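Q: Just to be clear, the model below is a prediction. Sequence and coordinates:
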Amino acid sequence: MPSNLSQKQIVLTGATDGIGLATAWKLEECGANVLAVGRRTPDTVALPPKAHYLQVDLSDADAHEAVTRHLANTGWTEVHHLIHNAGLGYVGPIERQTADDLDDLITVNLTAPIALTTALFPHLERAGGSVCFVGSTIANRTTPNFAAYSATKTALSDLAQNLDTEWRGKVRVQEVNPGPTRTNFHAKAGFENPPLASLFMTQEEVADGIIKCLETGARIKNYGMISLAVHAIRRRLRRHQP
Amino acid sequence: MTVLITGAARGLGASLAQQALERGRTVLGIDRDWENAEAVSDNGIHRITCDLTDLAAVSQLSEELKSHAPFETVIHNAAISATGPFETIPPDAHKRLIDVNVKAPMLLTQDVVKSKMMANRGTLVFMASLSVAIGYPGAASYAASKAALANYAKSLRRALGPQKIAVLTVFPGPLKTDQAARHAPAGADEEKRMSPDFAASEIWYAIKAGKKTLTPGVQNQAFSTLGKIAPGMMSRAMRKIIYEKLDRSIY
């Protein structure tokens, strides 16, 4: 069955690594037109061949303007899906994080998606599209070593809920909340060798979840303990196939 | 003993400061301007002028704060709002809101903990909002900022337990303050809102009693419970009660 994402115009942040990069490739397989937004220089990114790339640092206060400018230049007046995937992590006691790190974390994880959602609302409304927040199952939990990170993900989930109430019938609001995933996110966040890493989902599995969420228009997709276990068993079974 | 209160010049912050003075505490107040300060008599309160949207200024507060430490209580009360349909509020206004409501309290907390400014068995107080339990369409970024604080406070409570620092999260409903009036939907009845003096006395009681969370007011507690049991119904109701009655965007 051909994907209903074919020919759709999609803006994806944090597209140069991990879940974002895997999602960019899967979107291209579905025939979607992707504007990939990332921090890295273009020659260091292995994006799918047809994707547009916009190098923007989402910790810059005017990052959302760079995206709208780019859309204007490429003639995209409609955006069918805006996927907020970019995120920074930090693990450790709050007093060990530097003030600048904390500042960047909140900007990239919370301020930037809010600003970009506001800026792209007209494009999304014209398309009757959706905004999809990639959150985390850590949202709303008590997490002494991820206090600021978890706070930003809780805020995104709360934002999604209120936007869904505000925008009924205009723009769909979606959330994909992965559990721990095998990306280099943990290492970047300062978490070496997390326990039970073999149970973590792969970035491809999470990317599949994002695609499915977009295709079905689901409000929310959580990957809790049960999904983790199901995916781990599936992986194990696949490994034993000849 | 000294208490530190942000947003102490007006509204709930002024009530909290006034009651702290009445209880014989030394009050260190932070606000962006003190010209129209309410209630607070000049004697007793040490006024610091700092705009919490200016994060560079926030990090420069450290030395001054240290000279007043240790703090028995630190109340993160300062907040701004932005009401109206989400997309009508400019990105810059959302950004200022996240700076004041989320970044400033987190940066101050980090500094206070790092520099060991809390007194033994001191309390950190975070002002979240009833919106965390019942939703707030028409102030989505404000509600998000309060959800961030509530969750941060919950994590912090466990993280700082071993250092004998307590954390209280407050979920106030609508208050009878100038700020609330400015952001209220059309036709809202001001008399139905809680007086900031009452909320402040509940907060001081909760601090003394070592409570972890506080939703001041029986009616607000009932709403909060309802919001947790039936969030879908509550968000539809909030859309009718607030969102559809907003006649302007204020930020």
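A: Arrived safely.

Q: Do you have the strands of the chain handy? List them.
A: I'll assume chain A. Assigned by DSSP state E, the strands in chain A fall at A:9-13, A:33-38, A:52-55, A:81-84, A:130-134, A:172-177, A:181-182, A:201-202, A:220-222.

Q: That was the other one, I meant chain B.
A: For chain B, applying DSSP E gives strands covering B:2-6, B:26-31, B:45-49, B:71-76, B:118-127, B:166-170, B:213-214.

Q: List the pairing partners of the first one within its sheet, with orientation.
A: Strand B:2-6 has its sheet partners listed here by DSSP bridges as strand B:26-31 (parallel), strand B:71-76 (parallel).

Q: Check chain A and tell me which residue is nearest its centre.
A: By C-alpha atoms, centre = their mean, chain A has its centre lying nearest to A:Asn85, at 1.7 Å.

Q: need the contact list for that residue.
A: Going by C-beta atoms under 8 Å, 6 or more residues apart in numbering or on different chains, A:Asn85 touches A:12-15, A:19-20, A:23, A:134, A:210. The C-beta positions use only the backbone N, C-alpha and C, and glycine is treated the same way.

Q: Present the strands paired with strand B:2-6 as CSV; the columns should include mean neighbour count, mean pLDDT and distance to A:Phe200.
A: Below are those laid out as CSV (neighbours: other C-beta atoms under 10 Å in any protein chain shown; pLDDT from 0 to 100; distance: least, C-beta to C-beta, whole Å):
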stretch, mean neighbour count, mean pLDDT, distance to A:Phe200
strand B:26-31, 24, 96, 43
strand B:71-76, 25, 98, 35
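
Q: re the thing from before, among the strands of chain A, which is nearest B:Gly173?
A: strand A:172-177 (25.2 Å; C-beta to C-beta).

Q: where's that closest one relative to the chain centroid, distance-wise?
A: 10 Å (C-alpha atoms, centre = their mean, to the nearest Å).

Q: Next, the angle from that strand to strand A:130-134.
A: 20 degrees (axes from the mean of the first three to the mean of the last three C-alpha atoms, to 10 degrees).

Q: Remind me what strand A:172-177 packs against, helices and strands.
A: strand A:130-134, helix A:147-167, helix A:203-216, strand A:220-222 (3 or more C-beta pairs under 8 Å, 6 or more residues apart in numbering or on different chains; DSSP states H and E).

Q: one more time with 10 Å, if that's ok
A: strand A:81-84, helix A:112-127, strand A:130-134, helix A:147-167, helix A:203-216, strand A:220-222 (3 or more C-beta pairs under 10 Å, 6 or more residues apart in numbering or on different chains; DSSP states H and E).

Q: A:Trp25: neighbour count?
A: 17 (other C-beta atoms under 10 Å in any protein chain shown).

Q: Count the neighbours of the closest residue in space to it that isn't next to it in sequence for me.
A: Nearest residue to A:Trp25 in three dimensions, chain neighbours excluded: A:Pro48, at 5.0 Å (C-beta to C-beta, 6 or more residues apart in numbering or on different chains). Applying other C-beta under 10 Å, we find 15 residues neighbouring A:Pro48.

Q: ditto for B:Pro85
A: 16.

Q: For A:Gly89, list the residues it contacts.
A: A:105, A:109, A:136, A:138, A:146, A:148-149, A:152-153, A:183, A:185-191 (C-beta atoms under 10 Å, 6 or more residues apart in numbering or on different chains).

Q: Buried residues, stretch A:15-30. List them.
A: Buried residues in stretch A:15-30, defined by neighbour count with 16 or more other C-beta atoms under 10 Å in any protein chain shown: A:15-28, A:30.

Q: Show me the two of these that sit farthest apart.
A: Those two in the buried residues of stretch A:15-30 that are separated most widely, counting by C-beta to C-beta, are A:Asp17 and A:Cys30, at 20.3 Å.

Q: the bottom helix or strand of chain B by mean pLDDT?
A: Least confident helix or strand of chain B, by mean pLDDT, DSSP states H and E, is helix B:178-183 with a mean of 89.

Q: Relative to B:Ala188, how far out is the nearest residue to A:Cys132 once chain neighbours are set aside?
A: Once flanking residues are discounted, A:Cys132 sits nearest to A:Gln174: 4.2 Å by C-beta to C-beta, 6+ apart. Relative to B:Ala188, A:Gln174 is positioned 32 Å away (C-beta to C-beta, to the nearest Å).

Q: Would you mind telling me which of these two has more residues around it?
A: A:Gln174 (23 against 16).

Q: Now mean neighbour count too, for the helices and strands packed on strand A:172-177, in a markdown table please.
A: What follows is these, written out as a markdown table (neighbours: other C-beta atoms under 10 Å in any protein chain shown):
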| stretch | mean neighbour count |
| --- | --- |
| strand A:81-84 | 26 |
| helix A:112-127 | 22 |
| strand A:130-134 | 25 |
| helix A:147-167 | 26 |
| helix A:203-216 | 20 |
| strand A:220-222 | 17 |
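
Q: Poorly predicted segments of the chain, please.
A: Let's take chain A. Low-confidence regions of chain A, defined by pLDDT under 70, span residues A:1, A:241-242.

Q: was after chain B, sorry
A: In chain B, residues with pLDDT under 70: B:39-43.

Q: what's the longest helix in it?
A: helix B:140-160 (DSSP state H).

Q: Only the buried residues of that one, if you could.
A: Within helix B:140-160, the residues that qualify as buried are B:140-157, B:159-160, counting by 16+ other C-beta under 10 Å.
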